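# Quick one: sequence plus predicted model below, questions after.
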Amino acid sequence: MVAQYNFDEEQKEYLAEMFQEENNSLWSAILYGIGYSDDQIVTVALSQVGNVGGGPYWSWYGFNNRVEWCACFVSWCANECGYIDAGIITKYAGCVNGVQWFKDRGQWIDGSQEPMAGMNIFFDWDNKDSSGPQDGLSDHTGIVEKVENGIVYTVEGNSGDSCRINQYAVGHYEILGYRAPRY
């Protein structure tokens with residue numbers, strides 16, 4: 001566009017300023033009509049609490065048989081809000097792939113920070129019998145419902161093979177990080 005419209009140096013500077021990282025939430029509000037905090041995805045996730053087995057999520061994703069479905073659940077919730085089609089959130093079935101997609105877009109904060117409602121939360125479990133010891137790779141994901149008094153409340157699919165609400169202290173050592181969305 002810059003070349004096609006023959007932008008001068010001043011116009012190029014304005015364009016660069018408009019596309020700085022701190023303006024992403026403004027663009028999302030203009031382009032998609034939504035703000036930074038996302039109550040919609042939280043509402044969708046909460047409506048699924050109690051689902052056992054995850055069939056609606058892994059089958060929606062395209063799997064014919066049960067898979068570890070936490071990421072399918074998060075993707076399904078994002079799809080219900082229109083965020084996958086809008087390019088706001090990627091459709092992912094593997095936590096590691098989701099983390100990388102968000103990191104590549106500058107949408108990542110580490111687990112020591114306090115999240116906001118609607119953010120994805122990623123865990124690196126310290127479970128020697130199941131997922132193995134912590135290795136810096138995400139083993140599980142969910143959606144942040146809210147944060148109150150230093151506690152992160154989440155809605156997670158495939159938590160004991162069901163959708164349930166869980167809670168963790170802000171900065172808990174098994175929280176790998178969060179997707180800082182550009183809603």
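Cool, the structure landed.

# How about the backbone phi and psi for the spatially most central residue of the chain?
With distances taken as C-alpha atoms, centre = their mean, residue 120 lies nearest the centre of the chain, 3.0 Å away. Main-chain dihedrals, residue 120, degrees, to the nearest 10: phi -80, psi 140.

# Ok, residue 176 next?
phi -70, psi -40.

# what's the answer for residue 152, then?
With angles defined as degrees, to the nearest 10, residue 152 sits at phi -90, psi 120.

# same question, residue 79
phi -60, psi -40.

# And it, how far from residue 92?
11 Å (C-beta to C-beta, to the nearest Å). Bear in mind the C-beta positions are built from the backbone N, C-alpha and C, glycine included.

# Give the closest residue to the residue nearest to the centre of the chain in space, chain neighbours not counted.
Counting by C-beta to C-beta, 6 or more residues apart in numbering, residue 120 lies nearest to residue 179, which is 3.9 Å off, once chain neighbours are set aside.

# wait, what's in contact with that neighbour?
Neighbouring residues of residue 179 by C-beta atoms under 8 Å, 6 or more residues apart in numbering: 89, 98, 102, 107-108, 119-120, 122.

# What ranges does this structure have for its helices?
9-18, 24-32, 39-46, 55-61, 70-80, 95-104 (DSSP state H).

# looking at those helices, which one has the lowest mean pLDDT?
Note on those: lowest mean pLDDT is at helix 24-32, with a mean of 54.
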